[in-house]
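**Q** I would like the atomic coordinates for the input below:
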Amino acid sequence: MLAFITTNVTLWCTHHNYDDEVIAMNPYEYALPVPELIERYRRTYSGAVYDILDEMGYPHQALATELKPVKDHWVIAGPAFTLKGIPDPTGDPSLRERRIHMFEAMKAAGVPIVDVRDTSFDNQAAHYGEMNATVGAANGVVGAVVDGGSRDTRFLVDRDFPVFCRYLTPVEAVKRWSYYDWQITVGLRGALTSVVPVSPGDFILGDLDGVVVIPKDLTVEVLERTEELVQREDEVRAEFLASPDPVAVYRKHGRL
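**A** Prediction:
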């Protein structure tokens, strides 16, 4: 199993020109401060970001359609802190005990981050919960994207901590699934492809429509182009509302 996982991660890295040297660099350095990026991305929406990525030749950046916010109004934005988990039917104590070091690494990032979890396609257990959110929030985590399950939902809702996942379940992960490694390139199931690679520092935006992954090096450019698109859409929307001739407005702008 581990050989299979390692091989696939290597293939994802090779295909997308990721290598150990790139990942080893500080993944959280951008041309703009991370809090500003988060605030500005939150004022956009996933559909507009996806349209820009599609125009730029990156059509495969949307995660699987089943991956949704637990609460409809939740929006998540921030750079990815990645986690790879694996099936663990034995409850290997060495895997579980090293988890605390992951939270140390989260704090060391020094910026607000999104906990992004590759579960190795497990569909049985809860891979996230209230204790993860509590410890994570104390170490810079502003939300989670989990390609699997979550639980303790009432507590997450009460603290308004955004979690995007595939399903909810009370099933505990112990002796079913465990942490394997973090801050590596991982793969989450995609909307148009079987897997969307996510590396530390790739930017995440999620809302009710779903989650998109913006490659780190494109984070600022995609934001600026998305903001321009949203502004144009606002202007077109206002013209449609004010004009008695929607056909003329459409011909003028060519966009609905």
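**Q** from here on, contacts and neighbour counts on C-alpha atoms
**A** OK.
**Q** which residues of this protein fall in helices?
**A** In the chain, the helices defined using DSSP state H lie at 2-15, 20-24, 34-42, 46-55, 93-97, 99-109, 130-137, 153-158, 219-242, 246-253.
**Q** Report the rounded mean pLDDT for the longest one.
**A** I take that to be helix 219-242. For helix 219-242, mean pLDDT is 83.
**Q** what does the fourth one give?
**A** With pLDDT averaged residue by residue, helix 46-55 scores 98.
**Q** Dig out what the residue nearest the centre of the chain forms beta bridges with.
**A** Centroid-nearest residue in the chain, with Cα atoms, centre = their mean: residue 204, separated by 4.1 Å. Residue 204 has these beta-bridge partners by DSSP bridges: residue 78, residue 213.
**Q** Check residue 114 too.
**A** residue 80, residue 143.
**Q** confidence score at residue 26?
**A** Taking residue 26 on its own, its pLDDT is 89.
**Q** circling back: report the contact partners of the residue nearest to the centre of the chain.
**A** 76, 77, 78, 79, 80, 114, 211, 212, 213, 214 (Cα atoms under 8 Å, 6 or more residues apart in numbering).
**Q** And for the last one, the neighbour number?
**A** Looking back up the chat, that one is residue 214. The number of residues packed near residue 214 is 25, by other Cα atoms under 10 Å.
**Q** In contact with it, which residues are there?
**A** With Cα under 8 Å, 6+ apart, residue 214 has these contacts: 53, 61, 202, 203, 204, 205, 222.
**Q** With the third one instead?
**A** By Cα under 8 Å, 6+ apart, the residues touching residue 78 are 34, 37, 38, 112, 113, 114, 142, 203, 204, 205.
**Q** what do you get if the cut-off is 7 Å, keeping everything else the same?
**A** Listed by Cα atoms under 7 Å, 6 or more residues apart in numbering, the contact partners of residue 78 are 38, 112, 113, 114, 203, 204, 205.
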